[in-house]
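# Give me a model of this one.
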Amino acid sequence: MPSILSSLLLVSLLTSPLKAIPVLQPTQPPPPPHPSPGVRILRAPESLVAPLGDEVVLECETSLQPERFEWSYRRWMPNVTAASRSSGAGIKYLKTGTAKANVSQEAAISRLKILVRHDTLGEYRCIAWFGPLVITSTTARLEMASITARSEDPEEALQWRVFTGNSVLWSCGNQVRSNPAPSWLYYRNGVEIKAEFPGTNGNLFLSNVSATSSGRYSCQATNPATGEKIDASGSMELQVVPDRGNRGPHLLKGQPFSKSVTAREGDTLMLLCPGVGAPPPLVRWSSRDVSGAINNKRTRVLGHALEITNLQVQDSGSYLCHLENNLQHPIEYFIYVKVEQPPQIVHPPWVDLTNEGERVQLECEASGVPKPEIYWLLNGKSSMNDTEAEQLPNGYLVLHNVLKRHAGYVQCFARNSLGEHSAGMLLQVNPKQIQSELPHRSPKPNHGREQKQLFPPSPPNVTRLTDESVMLRWLVPRNDGLSILFFKVQYRTVGEVKRKNWQTTNENIPYGRPKWNSELGKSFTASVTDLKPQRTYRFRILAVYSNYDNKESNTSAKFFLQPGATLDPMPVPELLEIEEYSETAVLLHWRLASDADEQLITGYYAYYRPSSSAGEYSKATIEGAHARSFKIATLEAATIYEFKLQSFSAVSASEFSALKQGRTQRPKIITTEEPVLETGIRDTTTPSHNETFSMSPMLTGTIGGGAVLILLLVTTCLCLCRRRNSPVHRGGGQNKPRMSDLRDDFIPLGNCSPTKQRQRTRHIHITLNPLAQQQQPALEEKNESDHDMTYFQRQPSYDYDPGLRRMSSSSLRRSQRTLERAGSSNGNNNNLNQSVEVGPVDNPGKPGRVLLKRPRLSSRSENLSSGSLNSVGV
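Got it, this is the predicted structure:
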């Protein structure tokens, strides 16, 4: 029996339809749990709108009590991207006891009290420290409550005439701007009436009007935060008349044919359709691009109104209101609905244990309308400031080289106009293993000299100058390495899918002198132009050393070049005085306006150049916001320069101050009186030689004494050398000239009275024949007596000037005897040609004196023939 039952059951199962047999679908394995540090933000601070002068409190709560809390503050800039907001520029950190805010902590809750003022409006976020881990909350925006009329000019009153039974829609909400959204009151002939559809943002709807509905209508808006009320400038005159005649559906004067509505996800939206006719038209709602927009549980048709509750993003689209009364063609009224959605991270980042030095890509995806922007924080610091991090256009974060400092809490933030959302993970880094045995490397030959290292410059700090240029600042720390000749600046764009190559500027930035200009080293500045705004850049400095090797610095943090229109203006310094400090330096003095915020300033840039030059300005960097004076050195003496200043921060630089000129000191000069002639007339033909630069007396004496000593030594050496080479030391003293010969060197030919005026005289030149040495040796062996006779027969001829007095015969005879003695001691005197010139005497009325200079003749013939004496001066 059991076997029969089993057989029947098996047959029934085999013959039954297969669809009746349940099939189990394979299930996906659950995703691995995300690493979590065990702490998180339970309650983030919320955005607030408060009136001026109120005190508000922001609260932040964590799952565990942290070591400490901090709050960050940044002024609200509506046109700045989320990535640039996260870069850290312009952020202030608030702690307990600050003037504008008060921070308190109770266990795991931190409270920040803020007095609402214009300078406290902005974005706040809570930062919790758990040892090396830093967790940051989403930002809360503090805004000031306000209400204003959109137009100061009153609008003309609308005058509408409708038939009985129609529905009238009047919009007055577009006349007022309020934060937060206002509440509305409506009046007919000055008496408040109740709106049929409240919460329609200033739209008054009157259904099935009658004669009692006629009157003058107005509206009033009230700011719920401040209680301030403002009357809308427009009004509407409504006249309801009995239905007399037929007319197709139409719109009233001033009513548009379409409308756009923006609402937030989860809100309730009321769409109203205008239009009148005779008889009153019927309304039919539809949508061409929103499926199921009308027939669902969240929508309700109320005649001329369509109510949508719990709005969803898929409700965005165009809605059509059809008006028809079977008299004419129906009209269509379009309403475009946009549903905004706060950001929500749908795919949080996650990664397994990472090894040091590996490349890691962190993914983060978010939903929201408008499309949210993604930015990342690594242990509370922006990824834009990390040289190893790069954010891709799709929002993913790439760590090209994971380092130990990356270990900690990594957070992904999604942000749009409605708020922020964040998700985080714990990034664990496995450090590299240190090898116990290092590979053996043979040392390179050093040739007995120690090779100097190449010390690179520091990563540059970047400051915006204009929409297309930035200023870089870097430092070369003090070192004993190889000296640097010049620098090059390199930059590239980041954030694109394809990684760009480095671009190098053409300018060589010389190292210059002195070697160090501060205790830390030497700082440099350079500007980079021709950049494009709305892009992110990285910069680095390339140093070229004295051996023509090069080494680059670490790259700068990511810098987003913002347009100037989106930045708050920086305080502009005012140059007060250019003080003459020395011959090569001046001292700049400046001040800031009394209402300037020094906390926005990182330092100052000083620009200077000679006023006579049209070249580029030299630049100097002044660190610190509290500086009010600065010395600029290495200038030229007694030169006029023009100077200008600008303040800067990590985000931007201010406008230039007004140009101001100053000069360096003149060189110090000591002036004495010029010599005066006996006649009392100052000599102006030559410059004064008594005007000298000031010099220390000790230095003057040292230089003078040294010069005299060197002159004496040189003179002594020359005398000793000539004495050794003289004939007396070489060949004895038999040919030494007699004293009488020396006395006859100068033969007086007359007397000349002294005069105070300097007189010009001519000289008698007796020129020796330089060709005597080149004659044949046979000529030298001729009879000396013949030559002597020839010599004495050739008497010297004198060319007298008409004003010259005749020379005395005794003087001529003495001169002749002197020449005879010289000729007897040398056999070659026959070749001596004499030419005597006697110059005229300026005063012929007085006796003159002529000096005839003769040579000292040596016993050797070559001394005479070589032309050692060339002239005899008279």
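
# Give the helix, strand or coil label for Ala707.
helix (DSSP: H, G, I helix; E, B strand; the rest coil).

# what's the neighbour count on it?
Neighbour count for Ala707, taken as other Cβ atoms under 10 Å: 10. C-beta: built from backbone N, CA, C; applies to glycine.

# The closest residue to Val39 other than its chain neighbours is in what secondary structure piece?
Ranked by Cβ to Cβ, 6 or more residues apart in numbering and with sequence neighbours excluded, the top spatial neighbour of Val39 is Leu64, at 4.7 Å. Leu64 is located outside every helix and strand, with elements delineated by DSSP states H and E.

# how much space between Leu64 and Phe130?
7 Å (Cβ to Cβ, to the nearest Å).

# Can you check which residues contact both of the two?
Here Leu64 and Phe130 have Val39 as joint contacts, going by Cβ atoms under 8 Å, 6 or more residues apart in numbering.

# So the two - more neighbours on which side?
More crowded of Leu64 and Phe130, by other Cβ under 10 Å: Phe130, with 18 against 14.

# list the contacts for the more buried one?
Phe130 neighbours (Cβ under 8 Å, 6+ apart): Pro37, Val39, Leu64, Pro66, Glu67.

# from those, which is closest to Thr621?
Glu67 (36.8 Å; Cβ to Cβ).

# nearest spatial neighbour of the closest one, skipping sequence neighbours?
Trp129 (4.9 Å).

# got it, and Tyr491?
For Tyr491, the spatially nearest residue (Cβ to Cβ, 6+ apart) is Phe539, at 4.7 Å.

# just the strands in the stretch 201-350 of the chain please.
Secondary structure of the stretch 201-350 of the chain by DSSP state E, counting those that start in this stretch: the strands cover 203-206, 215-222, 229-231, 236-241, 247-250, 258-264, 269-272, 276-278, 282-287, 299-302, 305-308, 317-324, 331-347.

# Also the stretch 1-150 of the chain?
41-43, 48-50, 55-62, 68-74, 92-94, 101-106, 109-115, 122-130, 133-136, 140-144, 146-149.

# helices or strands up against the first one?
It refers to strand 41-43. strand 55-62 (3 or more Cβ pairs under 8 Å, 6 or more residues apart in numbering; DSSP states H and E).

# Could I get the pLDDT score of Arg813?
On the pLDDT scale, Arg813 is placed at 57.

# And Gly750, by the same measure?
43.

# Then the one 3 residues further on?
The model reports Ser753 with a pLDDT of 44.

# ok, now the one 4 residues further on?
On the pLDDT scale, Gln757 is placed at 41.

# One more: Asn828?
Asn828 is given a pLDDT of 42.

# Over to Leu531?
91.

# can you tell me how far it sits from Ser383?
Distance from Leu531 to Ser383, by Cβ to Cβ: 22 Å.

# any low-confidence regions in the chain?
1-38, 77-90, 96-101, 151-155, 433-450, 497-498, 565-566, 669-699, 725-874 (pLDDT under 70).

# Which parts of it are helices?
2-15, 82-85, 697-724, 727-731, 739-743, 777-780, 784-793, 809-824, 861-865 (DSSP state H).

# What is the neighbour count of the residue nearest to Glu67?
Quick note: Trp129 (other Cβ under 10 Å) scores 15 neighbours.

# Test my guess that it contacts Thr62.
No: checked against Cβ atoms under 8 Å, the pair Trp129 and Thr62 is beyond contact range at 10.3 Å.

# The spatially closest residue to Ala263 that is not a sequence neighbour bridge partners, please.
Of all residues not flanking Ala263 in the chain, Leu269 sits nearest, at 4.8 Å (Cβ to Cβ, 6+ apart). Note on Leu269: beta-bridge partners by DSSP bridges are Ile308.

# Scan the contacts of Phe130 and report the most crowded one.
Pro66 (22 neighbours).

# and the residue nearest to that residue when sequence neighbours are not counted, how far is that from Asn379?
Among residues not flanking Pro66 along the chain, Ala128 sits closest, at 4.0 Å (Cβ to Cβ, 6+ apart). Plainly put, Ala128 is 12 Å away from Asn379 if you go by Cβ to Cβ.

# Between the two, tell me which one has more neighbours.
Taking other Cβ under 10 Å, Ala128 and Asn379 do not tie; Ala128 has more neighbours (28 against 18).

# Go ahead and confirm the more buried one touches Ile109.
No: between Ala128 and Ile109 there is no contact under Cβ under 8 Å: 10.7 Å.

# residue contacts, the residue nearest to Glu67?
With Cβ under 8 Å, 6+ apart, Trp129 has these contacts: Pro66, Glu67, Arg68, Phe69, Glu70.

# Find the nearest non-adjacent residue to the fourth one, please.
It stands for Phe69. In this structure, Phe69 finds its nearest non-sequential neighbour in Ser110, 3.7 Å apart by Cβ to Cβ, 6+ apart.

# need the contact list for the one you found.
Residues in contact with Ser110 (Cβ under 8 Å, 6+ apart) are Glu59, Cys60, Glu61, Phe69, Trp71, Val103, Ser104, Cys126, Ala128.

# thinking Ala407 is in contact with Leu399, fair?
No: between Ala407 and Leu399 there is no contact under Cβ under 8 Å: 11.2 Å.

# More neighbours: which of those two?
Comparing Ala407 with Leu399 by other Cβ under 10 Å, the one with more neighbours is Leu399, at 23 against 20.

# neighbours of the closest residue in space to that one that isn't next to it in sequence, just the number please.
Leaving aside its chain neighbours, Leu399 sits nearest to Val360 (4.6 Å; criterion: Cβ to Cβ, 6+ apart). A total of 20 residues lie near Val360 under the criterion other Cβ under 10 Å.

# I'd say Val360 and Leu403 touch.
No: using Cβ under 8 Å, Val360 is not in contact with Leu403, being 11.0 Å away.

# what separates Leu426 from Asp386, distance-wise?
The spacing between Leu426 and Asp386, counted by Cβ to Cβ, is 17 Å.

# ugh, typo on my part, it should be Ile601
Distance from Ile601 to Asp386, counting by Cβ to Cβ: 26 Å.

# quick one on the thing from earlier: between which two of the contacts of Trp129 is the distance greatest?
Longest span within those, Cβ to Cβ: Glu67 and Glu70, 10.7 Å.

# List buried residues within the contacts of Ser110.
Cys60, Glu61, Phe69, Trp71, Val103, Cys126, Ala128 (16 or more other Cβ atoms under 10 Å).

# Could you list everything the last one pairs with in the sheet?
In this entry, Ala128 is beta-bridged to Phe69, Ile135, by DSSP bridges.

# just the second one next, same as before
As for beta bridges, Glu61 partners with Arg43, Ile109 under DSSP bridges.

# That one and Ala108 touch, don't they?
Yes: with contact defined as Cβ under 8 Å, Glu61 counts as touching Ala108 (5.8 Å).

# Count residues in the vicinity of the residue nearest to Ala263, would you?
Leu269 - counted by other Cβ under 10 Å - has 22 other residues nearby.

# Identify each buried residue in stretch 248-267, please.
Applying 16+ other Cβ under 10 Å to stretch 248-267 flags Gly248, Pro249, Leu252, Gln255, Lys259, Ala263, Glu265 as buried.

# related to what we said a few turns ago, I'd like the distance between the residue nearest to Leu399 and Ile41.
Taking Cβ to Cβ, one finds Val360 at 24 Å from Ile41.
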